[in-house]
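Asks: quick one, structure for this:
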Amino acid sequence: MFGVLTPCRHRLGDELADRWRAHLCGLCLALRDGHGQAARLTTNTDAVMISILTEAQYGGAATTTRAGRCPLRSLRTATVVTATDPGIRLAAGASLTLAAAKADDVRAEQRLGLAPHSPMRSATARVIGSRLHAAASNAPVVDVERILLTLHRQPEIECTATSLGEITDPSGQACAEVFAATADASGVPDNRADLAAIGYDFGTIAHLLDAVDDYHADALDGAYNPLRATGTEVTTALAECRDRRDRITERYSRLRLDDDRLLRAVFLDGLRHAIARRMHARTRWPATRPPDFPDSWPYPPPFPPNRRFRDRLGPFLWTGCTGRACCADHWNHCSDKFTGPCCNDDCGDCCDCCDCDCT
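Replies: Purely as a prediction, here's the structure:
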């Protein structure tokens, strides 16, 4: 499963998490029932959001049914959105179309020398791509051929384009088509223009975040990366993502929606989290010591600023369990402060394990 949006159950709460799972499992089962077990591998969290977006526009709850046990649900049954729901039909078409376009992109990159030569990868993409094209063509709720034609230009554009906007344009146009189709599927044509603009910005963000994620790996493999090809810094690309996210939020407020609690949590909050996660991963200490950084502390610290809790846990356990926190100056990984030994030199000698008065 893949996608830019990765909602967390703990942030959604029980009610919204159950609704999210209903759309996710509904899409997975719709792909299975319509195109076979292998089609379930194309399940895309961004496409699930398309189903949620459609539901939020037409008002009322999506039609649901009871699904059987599934290993991915710990062999539990679940309430899922039916395969005939307009949002699920559109999401299934989007998932298959995106997967078919990806297979075409792999073959084109091999042909044009934009990726390392791999006969096995090219042959696999050719076989899978033909099946995905056939499956995607059966999705009448979205103009598959138009979207694939738009994305088919991507490799040729990458060979000649000099600006980042030219390179991300096909992704933006393809997503604009899908987002606008949700207005048609839900019978709210007034939303179409704003949704097309939102989709264009979302497609651009998805393309940029993918380039950010692959930035170093592409350099090692000798593969094409739009940021390196245009001389764009990662920080500049992430700033562009923030600007487009702000435009999405502004246009979102103009949409005619019914119950948008789940959509807001998955789309707006998920998009903000996706961008923040990439920015956080690339945060570095300044080259020179900041004026407010204590002179007595080592610089730079052996960890990035503004760490997550999970990134603090390992160093904290190491410092505490090895005894370093008791007997030596050390970094407090809870507060990120450089502190002295906890025992204040009252630990006795190294062979006395009973004289430590740590408080």
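
Asks: where in the stretch 101-250 of the chain is pLDDT low?
Replies: Regions of the stretch 101-250 of the chain meeting the criterion pLDDT under 70 cover residues 139-141.

Asks: how about the helices of it, start to end?
Replies: Listed in chain order, the helices of the stretch 101-250 of the chain (DSSP state H, counting those that start in this stretch) span 119-136, 144-152, 154-160, 164-186, 192-213, 215-221, 226-230, 234-252.

Asks: residues in contact with the shortest one: which ones?
Replies: For helix 226-230, the surrounding residues in contact (CB atoms under 8 Å, 6 or more residues apart in numbering) are 158, 161-164, 167-168, 207-208, 211-212, 215, 218-219, 232-234, 237. In this view, the C-beta of every residue, glycine as well, is placed from N, C-alpha and C.

Asks: just the buried residues of these.
Replies: Using 16 or more other CB atoms under 10 Å as the burial test, these include 158, 161, 164, 167-168, 207-208, 211-212, 215, 218, 232, 234, 237 as buried.

Asks: one step back: which one of the helices of the stretch 101-250 of the chain lies closest to Ala91?
Replies: Across the helices of the stretch 101-250 of the chain, Ala91 has its closest neighbour in helix 164-186 (9.2 Å, CB to CB).

Asks: can you add distance to Leu41 and give the helices of the stretch 101-250 of the chain back as CSV?
Replies: As requested, these are exported to CSV (distance: least, CB to CB, whole Å):
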stretch, distance to Leu41
helix 119-136, 10
helix 144-152, 19
helix 154-160, 22
helix 164-186, 20
helix 192-213, 19
helix 215-221, 22
helix 226-230, 26
helix 234-252, 27
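
Asks: nearest to Ile50, of these?
Replies: Of all those, it is helix 164-186 that lies closest to Ile50, at 6.2 Å by CB to CB.

Asks: got the phi and psi for the spatially closest residue to Tyr224 that is not a sequence neighbour?
Replies: In this structure, Tyr224 finds its nearest non-sequential neighbour in Leu114, 3.9 Å apart by CB to CB, 6 or more residues apart in numbering. When read as degrees, to the nearest 10, the backbone of Leu114 gives phi -90, psi -10.

Asks: from Glu156, how far off is Leu114?
Replies: In this view, Leu114 and Glu156 are 10 Å apart by CB to CB, to the nearest Å.

Asks: which neighbours do the two share?
Replies: Joint contacts of Leu114 and Glu156 (CB under 8 Å, 6+ apart) are Ala108.

Asks: so for those two, which residue has more residues nearby?
Replies: The neighbour comparison of Leu114 against Glu156 (other CB atoms under 10 Å) goes to Leu114, with 19 against 12.

Asks: show me what contacts the more buried one?
Replies: Going by CB under 8 Å, 6+ apart, the list of residues near Leu114 reads 108, 155, 158-159, 223-224.

Asks: if we go to 10 Å?
Replies: 105, 108, 154-155, 158-159, 218, 222-225, 229 (CB atoms under 10 Å, 6 or more residues apart in numbering).

Asks: go on, Leu29?
Replies: Residues in contact with Leu29 (CB under 10 Å, 6+ apart) are 40, 43, 65, 67-68, 70, 78, 80-83, 88, 92.

Asks: now for those residues: which two are most distant?
Replies: The farthest-apart pair in the contacts of Leu29, when distances are taken by CB to CB, is Gly68 and Ala92, at 19.1 Å.
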